[in-house]
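K.L.:
Could you look at this predicted model? Sequence included:
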Amino acid sequence: MGASMNLDGPAEPIPLDEHQLVRGLEPFDAFYRRERRSLVGLAYVLSGSRMAAEDLAQEAFTAAYRRWDEVGRFDNPGAWVRRVVANRSISRFRRSLAELRTLARLVTRQQPGRLPELEAEAAELWAEVGRLSARQRQVVALHYLDGMTMPDIADLLGCSKDTVNTHLRRARQILARRLGIEEGR
């Protein structure tokens, strides 16, 4: 991948070689450093787990790296890796849900379980976001966590702006009802 990746320190400029300048291709290392933090944050909101977020982000970056000659030329390669994270988070969520259902059946046969108390308002909010439909979770995370606009989210998720607005509106209504918040606040 060229220069080493220092994830802890400030991003160092990576010199472009003549071949990259001719193709107009940003070095993957620079792309990785610029997008990593945001992508892990998005993956965390979608997955609810720091470990899963790291895995999802790494899977997306690995897919981008393997196809960097193509992905690096996209108008917005960051949108491409976000879409990969969104799609893989849905798959992971479905697998996890099936596993949890099986585990819940086994545990309830042995002993009734208790849910831990939530410590903060934010934890309660994001727990409720985690209960939304997959698409609503994606739209909420992309809009509020990643700061994306409705048209950008629509482009990323491959749907219309109106569909994104509908998902966001419904998610807000559900969250307001579940959290006992007056809408519009």
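P.N.:
Thanks, I have the structure now. Residues are numbered from 1 along each chain as shown.
K.L.:
A64: which element?
P.N.:
helix 50-66 (DSSP states H and E).
K.L.:
Need the contact partners of that helix.
P.N.:
Identification of contacts with helix 50-66 by Cβ atoms under 8 Å, 6 or more residues apart in numbering yields 1, 28, 31-32, 36, 39-41, 43-44, 46-47, 71, 77, 80-82, 84-85, 88-89, 92. Backbone N, C-alpha and C define where each C-beta goes, glycine included.
K.L.:
of the residues you listed, buried ones?
P.N.:
28, 31-32, 36, 39-40, 43-44, 46-47, 71, 77, 80-82, 84-85, 88-89, 92 (16 or more other Cβ atoms under 10 Å).
K.L.:
Tell me which entries of these lie within strands.
P.N.:
Among the buried ones among the contacts of helix 50-66, no member is found in strands (DSSP state E).
K.L.:
and S133, what are its phi and psi?
P.N.:
The phi/psi pair for S133 (degrees, to the nearest 10) reads phi -60, psi 160.
K.L.:
tell me, how many neighbours does it end up with?
P.N.:
Neighbours of S133 under the rule other Cβ atoms under 10 Å: 13.
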